[in-house]
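Student: Build me a model from this:
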Amino acid sequence: MTTQDETRQDPRLGIDVIGFGVGEFAYLLNVFDGSARDRSVAVFHAEEMVDHVTLSTAGASSLMARDMATVDAEGRLGVTGVAAAVATALGRATRWTEISLLTADSMDNVALLEAPGVALMLQPRLLGTWFAFAQDPSISSSEATLRVVRQHVEENPEGSAYLVFKTLDSEKNLLVRRDGDSWVTGIPDFDADEVAESPGLDDAGLLRAIEESRGEA
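Tutor: Presented below is the predicted three-dimensional model:
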């Protein structure tokens, strides 16, 4: 599939949230080539989807119908606006944060993708759809991650979170749960099958733990 060298994007998407169907998402994953795109494919477990030409073609058609893609005078298809921002996040990301929000009987997921000039959160929904929304530009990505975890625990007092922080050449894991009025974090050692816990953290302490896992502290 032909990739495009440039996309036009709205820095803050211009809207709060927008959904993309499975075909549209498949096409957006195919806008760029390269190691960042391949990492995104792995994060979203989309290996089969991106190679499905019919699905991607249907996604491109759907994007055009929604005025999120255009064809230039030479017949080349390009995505615009919100779709371009999502394509940039998928194809040019330098950081990926996978947030698994856990309860006793359920799991929800949020993926935070950070690329030059754009930071988006994506959530899966029914029938292979993904909903994208822009990270609040007034806060850091670590703070945005903390907000997601805190809201989950406020809504599910017994809930916990499992965070995976990825770059192209690194991966770190962090477990988070609430214990009374404080947070407990855990760093798993998969080889030893152990978890090194740090209890008694306030919000600032949890934020530092997230920053450390991201390599920012």
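
Student: quick one: buried residues of stretch 143-155?
Tutor: When burial is assessed from 16 or more other C-beta atoms under 10 Å, stretch 143-155 yields the following buried residues: 144, 145, 146, 148, 149, 150, 152, 153. Heads up, the C-betas are built off the backbone N, CA and C, glycines and all.

Student: same for the host helix or strand of residue 133, what does it pack against?
Tutor: Counting by DSSP states H and E, the element that carries residue 133 is strand 130-134. Judged by 3 or more C-beta pairs under 8 Å, 6 or more residues apart in numbering; DSSP states H and E, strand 130-134 is in contact with strand 18-20, helix 81-92, strand 118-124.

Student: what does the first one contact?
Tutor: Right, the one you point to is strand 18-20. Applying C-beta atoms under 8 Å, 6 or more residues apart in numbering, the set of residues contacting strand 18-20 from outside is 28, 82, 83, 86, 125, 129, 130, 131, 132, 133.

Student: Could you list the paired strands of it along with their orientation?
Tutor: For strand 18-20, the paired strands and their directions (DSSP bridges) read strand 130-134 (antiparallel).

Student: Next, the angle helix 81-92 makes with the partner strand.
Tutor: Angle of strand 130-134 versus helix 81-92, following axes from the mean of the first three to the mean of the last three C-alpha atoms, to 10 degrees, is 100 degrees.

Student: Can I take it that residue 175 is in a strand?
Tutor: Yes: counting by DSSP: H, G, I helix; E, B strand; the rest coil, one finds residue 175 located in a strand.

Student: After the strand holding residue 133, heading C-terminal, what element do we hit next?
Tutor: Downstream of strand 130-134 (by DSSP H and E), the next one is helix 141-155.

Student: elements contacting that following helix?
Tutor: Packed against helix 141-155 by the contact rule (3+ C-beta pairs under 8 Å, 6+ apart) you find strand 95-102, strand 107-115, strand 118-124, strand 160-166, helix 203-213.

Student: The residue lying closest to residue 170 once chain neighbours are set aside: neighbour count?
Tutor: Closest residue in space to residue 170, ignoring its immediate chain neighbours: residue 215 at 7.4 Å, by C-beta to C-beta, 6 or more residues apart in numbering. Number of residues near residue 215 (other C-beta atoms under 10 Å) recorded here: 11.

Student: where in this protein is pLDDT low?
Tutor: Regions of the chain meeting the criterion pLDDT under 70 cover residues 1-15, 217.

Student: Alright, I will stop here.
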